[in-house]
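**Student:** Using only what follows, build the 3D model:
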Amino acid sequence: MTGAERAVEAARGAVGTRFRVHGRDPVFGLDCVGLAALAMRAAGYRGDIPADYALRGGDAAILAARLDASGLVRGDAPWPGDLALFACDVTQFHMAVIVPGGIVHADAALRRVVERPGAAPWPMLGCWRVIGD
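**Tutor:** Numbering: from 1, shown residues only. This is a model prediction of the structure:
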């Protein structure tokens, strides 16, 4: 199994997990960063996971630069297993894992991790992946 396949499997395995702000453990709950960390770790990522972020505010360029510097590799187009960064609003950003036919993300409104078929409803700012198995 490739790293991308492991990322998809981990993300889909988290579907139904309750939403928890700054959640990092599926037993207690995940937010979008926690879900991204779970999937990227399954793919082989061993870098740092940010803990110093707010739910709103921030700058898309700074977020993208942090992802670029993290050891993940920016993709030209989204592929299953990628971490995607979305702009939900001018100052609100969201992460999801690309899966075949859609995305898996931690949905604050539904209070759980869900798989959403089709394209995400927000503009995608970029996608990053773990390279190497």
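
**Student:** Would you mark the buried spots in whichever strand or helix holds L63?
**Tutor:** Here L63 is covered by helix 60-69, with elements defined by DSSP states H and E. By 16 or more other CB atoms under 10 Å, the buried positions in helix 60-69 come out as A60, L63, A64, L67. For glycine as for every other residue, the C-beta is placed from the backbone atoms N, C-alpha and C.

**Student:** Can you tell me which of these is nearest A43?
**Tutor:** A43 has its nearest neighbour among the buried residues of helix 60-69 in L67, at 14.2 Å by CB to CB.

**Student:** Skip the chain neighbours and tell me the closest residue to the closest one.
**Tutor:** W128 (5.1 Å; CB to CB, 6 or more residues apart in numbering).

**Student:** Tell me if the one you found really is in a strand.
**Tutor:** Yes - if the criterion is DSSP: H, G, I helix; E, B strand; the rest coil, then W128 is within a strand.

**Student:** What is the burial count for it?
**Tutor:** Neighbours of W128 under the rule other CB atoms under 10 Å: 23.

**Student:** residues contacting it?
**Tutor:** L67, D68, S70, L72, V73, R74, G75, D82, L83, L85 (CB atoms under 8 Å, 6 or more residues apart in numbering).

**Student:** helix or strand right after the lowest-mean-pLDDT helix or strand in the chain?
**Tutor:** When the helices and strands of the chain are scored by mean pLDDT, DSSP states H and E, helix 60-69 comes last with a mean of 88. From helix 60-69 onward toward the C-terminus, using DSSP H and E, the following helix or strand is strand 73-75.
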